[in-house]
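**Q** Here is my input; please provide its structure:
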Amino acid sequence: QVQLVESGGGLVQAGGSLRLSCAGFGRTFSMYAMGWFRQAPGKEREFVAVINWSGDDTYYIDSVKGRFTISRDNAKNTVYLQMNGLKPEDTAVYYCAGAIRFDRVKRHDCDYWGQGTQVTVSS
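**A** The predicted structure follows:
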């Protein structure tokens, strides 16, 4: 069993940066591929990025490549999303989630989900 808690959201101006954190509680956290998702008002949830269990493989959607970086520290049971060059269209509730397989995260087929943290980018 893994419990996920996100933090680090907030209000930022366009072009600014935020770092989201997702703390995992449970002894098996390091076994999981971890991903970040987002959901804007009136839109479907969107996959954003994923990192494998060891941190040496990552994947991003095109709209965030070069701006967002996913990373993890298994010693701290934490996964991060560094977001630079934020745009108003990045405004959403951001969720972290985990699955045993990397490809399952990309398909939204995750075993555990956090409660979300709001990111608002003003123009």
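**Q** end-to-end on stretch 85-95?
**A** Using C-alpha to C-alpha, to the nearest Å, one end of stretch 85-95 lies 19 Å from the other.
**Q** tell me which residues in that stretch are buried?
**A** 86, 90-95 (16 or more other C-beta atoms under 10 Å). C-betas here are computed from N, CA, C, even on glycine.
**Q** Which residues lie in contact with the most centrally placed residue in the chain in this structure?
**A** In the chain, the centroid-proximal residue (C-alpha atoms, centre = their mean) is residue 36; its distance is 2.4 Å. Residue 36 makes contact with 20, 22, 48-50, 70, 79, 81, 94-97, according to C-beta atoms under 8 Å, 6 or more residues apart in numbering.
**Q** Can you convert the residues you listed into a markdown table and add a column each for distance to residue 28 and secondary structure?
**A** Shown next, in a markdown table, are the contacts of residue 36 (distance: C-beta to C-beta, whole Å; DSSP: H, G, I helix; E, B strand; the rest coil):
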| residue | distance to residue 28 | secondary structure |
| --- | --- | --- |
| 20 | 22 | strand |
| 22 | 15 | strand |
| 48 | 23 | strand |
| 49 | 21 | strand |
| 50 | 17 | strand |
| 70 | 19 | strand |
| 79 | 14 | strand |
| 81 | 21 | strand |
| 94 | 23 | strand |
| 95 | 19 | strand |
| 96 | 15 | strand |
| 97 | 15 | strand |
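**Q** Which of those residues has the largest number of neighbours?
**A** The residue in these with the most neighbours, by other C-beta atoms under 10 Å, is residue 79 (31 neighbours).
**Q** Surely it touches residue 72?
**A** Yes - if you go by C-beta atoms under 8 Å, residue 79 and residue 72 touch, sitting 4.3 Å apart.
**Q** This protein: helices as residue ranges?
**A** 102-106 (DSSP state H).
**Q** Cool, thanks, talk later.
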